[in-house]
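Q: pasting the sequence and the predicted model now:
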Amino acid sequence: MPDMSVTLKNMRLKSPVILASGILGVTGELLINVANAGAGAVTTKTIFLEQRDGNTSPVVAEYEHGLLNCIGLPCPGIEESAKEIRIAKAANILLIASVGGKDTDEFIKVAQCCEDAGADALELNFSCPHAEAGLGANIQYNRELARSVVGAVKKNVSVPVIIKLTAEFKIAEIAKIVEAAGADMITCSNSVGPGMLIDVHTGRPVLSNKEGGVSGPAIKPIALRAVYQIAKNTTLPIIGTGGIYSGKDALEFIMAGATAVGVGTSIMHHDLEAFKKINSEIQKYLEDSGHKNLEEIRGIALK
Ligand SMILES: Cc1cc2nc3c(=O)[nH]c(=O)nc-3n(C[C@H](O)[C@H](O)[C@H](O)COP(=O)(O)O)c2cc1C
């Protein structure tokens, strides 16, 4: 039987398939259910210091190739979120807390509270494509700010710090900057865009916010190219994310250099079965191809 486990710094995952931030990641109970369904680790929805409402409906629109969302980062605030992290950690699952902030100080405070609540790693959200300025939105496009937030958070926490980036043309440049600033890992990609859909009956944009982040199969080639570029230009472990629906999708990201993969939109179509399906398809590929573990195929597309 091939070994499906992977190591991400302090975390030994029994499966390389991780719950991406924002989908089912709000309560401890849900996070436990996702881990029980086969996720090697789970990521919380992005957490801010204060309670936030997010945008008004409609905030999600499906189309043939994926999803558009402008949920707007709603959050119950750090106290409620820390309680949920404690509930999830009591079940002994591997948990990554997604950390947001309007400035460096908020990033540090939220990161410290999540670490105190028991998070195994922190994922700084630098890349929500539809959030208002300063709330995770523009950070990766402001290279100086990105550098200083990574450095400041690293000085104040001891668990590994992952930087969540969105796929962009100059992804290698920002990946090298966050690596030099002390990041331990990179997750890529966040939803891409923003994009837009128009209802031809009303002639109006479908989403309340008009624009939203694109996720699902539509972004897979874009996210894959970004992961390939990060792997070519840094030595950081990567959680490859974007349109992963099958074992084949996951294997493409691992061959491009990812150590683990994140799954988000697929859950909306396959429910928690998504984890079972992707795990068993990866396992079957390893068995059929005679590979003993995922290490043997990691990054083979880079050569
Ligand atoms: C409804 C929805 C909510 C999301 N919320 C967050 C979030 O709170 N924080 C974050 O870093 N990413 C968030 N994302 C981005 C996902 O974590 C993921 O990076 C992106 O959707 C690409 O992966 P996928 O195609 O598998 O969904 C969200 C995505 C969706 C679809």
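A: Yep, it's here. Residues are numbered from 1 along each chain as shown.

Q: who touches the helix ranked longest in the chain?
A: Taking DSSP state H as the criterion, the chain has its longest helix at helix 273-289. Residues external to helix 273-289 that are found in contact with it (CB atoms under 8 Å, 6 or more residues apart in numbering): 1-2, 4, 15-17, 34, 37-39, 244-251, 261, 263, 266-267, 270, 291-294. Just so you know, the C-beta spots here come from the backbone N, C-alpha and C atoms, and that holds for glycine as well.

Q: are any of those residues buried, and which?
A: Among the contacts of helix 273-289, those classed as buried by 16 or more other CB atoms under 10 Å are 2, 4, 15-17, 34, 37-39, 244-247, 249-251, 261, 263, 266-267, 270, 294.

Q: which of the residues you listed fall in strands?
A: The strands, defined by DSSP state E, take in V17, V261, V263 from the buried ones among the contacts of helix 273-289.

Q: from these, list the ones also adjacent to the ligand.
A: Among those, the ones lying near the ligand by CB under 6 Å from any ligand atom are V263.

Q: wait, which of the ones in strands among the buried ones among the contacts of helix 273-289 is closest to the ligand?
A: Ranked by distance to the ligand (CB to the nearest ligand atom), these are led by V263 at 5.3 Å.

Q: quick one: pLDDT of the closest residue to the ligand within the stretch 101-250 of the chain?
A: Going by CB to the nearest ligand atom, the ligand is nearest to S215 of the stretch 101-250 of the chain, at 3.2 Å. Turning to S215, the model gives it a pLDDT of 97.

Q: of the buried ones among the contacts of helix 273-289, which belong to helices?
A: Going by DSSP H, the helices hold V34, G247, D249, A250, L251, S266, I267, H270 from the buried ones among the contacts of helix 273-289.

Q: shouldn't the last one be in contact with I244?
A: No - under the criterion of CB atoms under 8 Å, H270 is not in contact with I244, lying 11.2 Å apart.

Q: what about the residue of the chain found nearest the ligand, neighbour count?
A: Of the residues in the chain, the one nearest the ligand is G22, at a distance of 1.9 Å by CB to the nearest ligand atom. Neighbouring residues of G22 were enumerated by other CB atoms under 10 Å; the total is 23.
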